[in-house]
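# Test case, fold it:
(chains A and B)
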Amino acid sequence: MAVFSKVLTMLRGNLREIGQSIVDSNASTIYEQEIVEATAHVATAKNDLTAVMAKEMQAGREIERLRAELHKYEDLAVQALQKDENGLAEEVAARVADLEVALAEQEEARAQYAAHVARLKDMIRTAEATLREHERQLAMAKTTESVYKATATISQNMGASGSKLMSAKESLERIRQRHQDLADRMQAAEVLEGEFGSKALDNKLAQAGIGERANRKAEVIARLQARARPTPPDRS
Amino acid sequence: MDEVMGRMLAIESALSAQVGSLSVSANLLAPSEPDGVPVMRMCIEGQEEIPVFVTASPQQVLCICYLWTEREVRPERRAEMLEAMMDLNIAIPLSNFGRIGEHYVIFGALAADASPESIATDVAMAADNALEALEVFNEFLM
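Residues are numbered from 1 along each chain as shown, chains lettered A, B, ... in the order given. Now for the predicted structure:
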């Protein structure tokens, strides 16, 4: 079951109830229980898997041993026949027959272990996928619940403090107003600086012919004229 | 609650460092229900009208700005507004549009173990994105 659609169905239902709780604690507990069970399941299956894989390897080694043995006794039987030791050859043949039965049994066993390993691996993959899915579902359910509870906390605090969430237009208007105020203040400060600042005072003084800047031009001209006049000859 | 408070102060100072000379205020909204969720309310100077609410579930931290309610939307422009939200969602840095009940929101989500600095970045971004959203979506609102 996809939790997406479950959450959507709940959201489209009674919004008031969602405010209380999107996932009743029962459902959460069931999810949590399923997660615990799936985790345990995976752990057991992994244990089983190692045991079965060990048995598969043991069977493999036994098969190798039986094959070598079989080979050896077949060679021995041939040698006995070549020496016309027919009685001996038959005894060896009986041994070979036993070995062949044992080998067939081991091969059968190994095939079964291999099938078991494949089954366990499939099971573990499925269980792990289920586990991830449950965890994601639980996360979604809990987050949705938590967000609605957080919204409840916010609304209650807003209500308690007398303020409320403002409408978007009001908020925007107030922020714009504040920015405009700031811009106005800065402009006003500039104008003020122009009118009443230290520069303004200096300008007024200069216009009135007062202060060090008032006669600077006249002083400079006088100084330059003095330098331009030829120095009178030394009379002494 | 002490742990939540400590975390909030860490986020607050990280946010202060990030927004520079602007001042930042944060306070904790205590849940009234015993199983309620505590929420941090963060305000950046000049944008007090659009606070960012920070809340955590076991899996993630959410930084939410409330934008407007369903009632404020011009009904004849609603579909257009929703499409604009969908189209913008992927382009908006760190935040997404969403809806909680009647409220349209813009929010950022972080891993539950996110650092105060990362959360502060998300909070600052959510606040800026919210302001821009208010300006841009103004035409869809009454």
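
# Does the most centrally placed residue in chain A belong to a helix, a strand or coil?
Geometric centre of chain A, nearest residue: A:Arg136, 12.7 Å, by C-alpha atoms, centre = their mean. Secondary structure, DSSP: H, G, I helix; E, B strand; the rest coil: A:Arg136 is helix.

# how about the helices of chain B, start to end?
Secondary structure of chain B (DSSP state H): helices at B:2-19, B:78-89, B:116-137.

# Let me know which of those helices is tucked in deepest.
When the helices of chain B are scored by mean count of other C-beta atoms under 10 Å in any protein chain shown, the highest mean neighbour count falls to helix B:116-137 (a mean of 21). Every C-beta, even on glycine, is put in place using the N, C-alpha and C of the backbone.

# Flag the shaky bits of chain A, pLDDT-wise.
Along chain A, segments meeting pLDDT under 70 span A:1-3, A:6-7, A:9-28, A:158-165, A:197-198, A:212-214, A:231-236.

# now with 80?
By pLDDT under 80, the weakly predicted segments of chain A are A:1-32, A:34, A:134, A:137-143, A:145, A:152, A:155-166, A:190, A:192-218, A:230-236.

# can you list the domains in it?
Split into domains by automatic domain parsing, chain A comes to A:3-160, A:168-228.

# For the ones you listed, give me JSON lines that also has distance to chain B.
Formatted as JSON lines, these follow (distance: least, C-beta to the nearest C-beta, whole Å):
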{"stretch": "domain A:3-160", "distance to chain B": "4"}
{"stretch": "domain A:168-228", "distance to chain B": "4"}
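
# Give me the distance between A:Lys149 and A:Lys204.
Separation of A:Lys149 from A:Lys204 (C-beta to C-beta, to the nearest Å) stands at 67 Å.

# Ok, which of the helices of chain B comes nearest chain A?
Closest of those to chain A is helix B:116-137, at 4.4 Å (criterion: C-beta to the nearest C-beta).

# angle of the closest one against helix B:78-89?
140 degrees (axes from the mean of the first three to the mean of the last three C-alpha atoms, to 10 degrees).

# For A:Ala127, grab the count of nearby residues.
For A:Ala127, the neighbour count with other C-beta atoms under 10 Å in any protein chain shown is 20.

# what do you get for A:Gln33?
Number of residues near A:Gln33 (other C-beta under 10 Å) recorded here: 11.

# what do you get for the one 4 residues further on?
Counted with other C-beta under 10 Å, the burial measure for A:Glu37 works out to 14 neighbours.

# element containing it, please.
helix A:25-82 (DSSP states H and E).

# try A:Gln187
Assigned by DSSP H and E, A:Gln187 falls in helix A:168-196.

# buried residues in that helix?
For helix A:168-196, a neighbour-count test (16 or more other C-beta atoms under 10 Å in any protein chain shown) marks A:Ala168, A:Ser171, A:Leu172, A:Ile175 as buried.

# nearest to A:Gly209, of those?
A:Ile175 (51.0 Å; C-beta to C-beta).

# Excluding sequence neighbours, find me the nearest residue to that closest one.
B:Glu49 (5.7 Å; C-beta to C-beta, 6 or more residues apart in numbering or on different chains).

# before we move on, could you check phi and psi at the one you found?
phi -70, psi -20 (degrees, to the nearest 10).

# I'd say it and A:Lys169 touch.
No: using C-beta atoms under 8 Å, B:Glu49 is not in contact with A:Lys169; the gap is 10.8 Å.

# what about A:Leu49, distance to A:Lys142?
Counting by C-beta to C-beta, the gap from A:Leu49 to A:Lys142 is 32 Å.

# now A:Arg119
Distance from A:Arg119 to A:Lys142, by C-beta to C-beta: 34 Å.

# Neighbour count: the two, which is higher?
A count of neighbours by other C-beta under 10 Å puts A:Lys142 above the other of A:Arg119 and A:Lys142, at 18 against 14.

# I'd guess that one is in a helix, am I close?
Yes: applying three-state DSSP, one finds A:Lys142 inside a helix.

# just checking, it touches B:Pro58?
Yes: counting by C-beta under 8 Å, B:Pro58 is a contact partner of A:Lys142 at 6.4 Å.

# thinking again about what came up before, tell me the contacts of the residue nearest to A:Ile175?
B:Glu49 makes contacts with A:Met166, A:Glu170, A:Ser171, A:Leu172, A:Arg174, A:Ile175, as judged by C-beta atoms under 8 Å, 6 or more residues apart in numbering or on different chains.

# go again using 6 Å as the cut-off
By C-beta atoms under 6 Å, 6 or more residues apart in numbering or on different chains, B:Glu49 lies in contact with A:Met166, A:Ser171, A:Arg174, A:Ile175.
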